[in-house]
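**Student:** With the sequence up front, the predicted model follows.
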Number of protein chains: 2
Amino acid sequence: MPRLTEAERSELLPALDGWALVEGRDAIHKRFVFDDFNAAFGWMTRVALVAEAMNHHPEWSNTYNKVEVTLATHDAKGLTRRDIELAQRMDQMTTGTAKR
Amino acid sequence: MPRLTEAERSELLPALDGWALVEGRDAIHKRFVFDDFNAAFGWMTRVALVAEAMNHHPEWSNTYNKVEVTLATHDAKGLTRRDIELAQRMDQMTTGTAKR
């Protein structure tokens, strides 16, 4: 998996919702805030299942209702399309609710 | 929930397995290392259920097979017996396996 080209960065990174480049490192970061720990850890569990299936794992920290996420591809020593995909999946999974 | 007294600290903290005081803060820290992400996040999920039931939540970060945990009681602005209890429960939960 090659690192993102400059053209890919210009196209893909601005299209992400709220993700920012990390200072001094080729990685992206976002802070997610939930109603409470139950909501935060429930989301982390959904993400964990996807991350494991992708074999692409986040660096993340949790304090009560907040989750700080950093994404990078260790083998590539920087950002790849897998980080973009996981970022998008993480965003999508903030909105799922039970069907009525 | 009052902060631990000096006598309690002398008794309880050395009895913990691998937990150390955090520099510059009345909190304890431990790094847990697992075989892989599946094992690390499986353990986090077990801990999350206990933490939620205790209404006492860790500050923790995960990168692949590693989990860094810091415990303190925010309302008390420092260590209380609840942190000792959660630390002990976390240690216990590293060893559970399926029955044969």
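**Tutor:** Thanks, I have it.

**Student:** Would you map the helices across chain A?
**Tutor:** Along chain A, the stretches classed as helices by DSSP state H are A:6-12, A:37-54, A:81-92.

**Student:** nearest to B:Ala40, of the ones you listed?
**Tutor:** Closest approach to B:Ala40 among those (C-beta to C-beta): helix A:37-54, 9.4 Å. (Glycine included, C-beta is placed from N, CA and C.)

**Student:** Please see if that closest one touches chain B.
**Tutor:** Yes. Judged by C-beta under 8 Å from any C-beta of the partner chain, helix A:37-54 and chain B are in contact via A:Phe37, A:Asn38, A:Phe41, A:Met44, A:Thr45, A:Ala48, A:Ala51, A:Glu52.

**Student:** ditto for stretch A:78-94
**Tutor:** No. With C-beta under 8 Å from any C-beta as the criterion, chain B is not reached by stretch A:78-94; the gap is at least 13.1 Å.

**Student:** which residues touch that stretch?
**Tutor:** Defining contact as C-beta atoms under 8 Å, 6 or more residues apart in numbering or on different chains, one finds that stretch A:78-94 is touched by A:1-4, A:8-9, A:12-13, A:16-19, A:26-28, A:30, A:32, A:43, A:46-47, A:50-51, A:54, A:56, A:58, A:69, A:71-73.

**Student:** Spell out for me which residue occupies the centre of chain A.
**Tutor:** A:Ala87 (3.4 Å; C-alpha atoms, centre = their mean).

**Student:** Next one, pLDDT for A:Thr95 please.
**Tutor:** Looking at A:Thr95, its pLDDT is 88.

**Student:** and the gap between it and A:Ser61?
**Tutor:** For A:Thr95, the distance to A:Ser61 equals 22 Å [C-beta to C-beta, to the nearest Å].

**Student:** How about A:Ala53?
**Tutor:** Using C-beta to C-beta, which is the criterion applied here, A:Ala53 is 22 Å from A:Ser61.

**Student:** Closest approach to chain B from chain A, which residue is it?
**Tutor:** For chain A, the residue closest to chain B is A:Ser61, as judged by C-beta to the nearest C-beta, at 3.5 Å.

**Student:** what is that residue paired to in the beta sheet?
**Tutor:** A:Glu68, B:Ser61 (DSSP bridges).

**Student:** Fine by me, we can end here.
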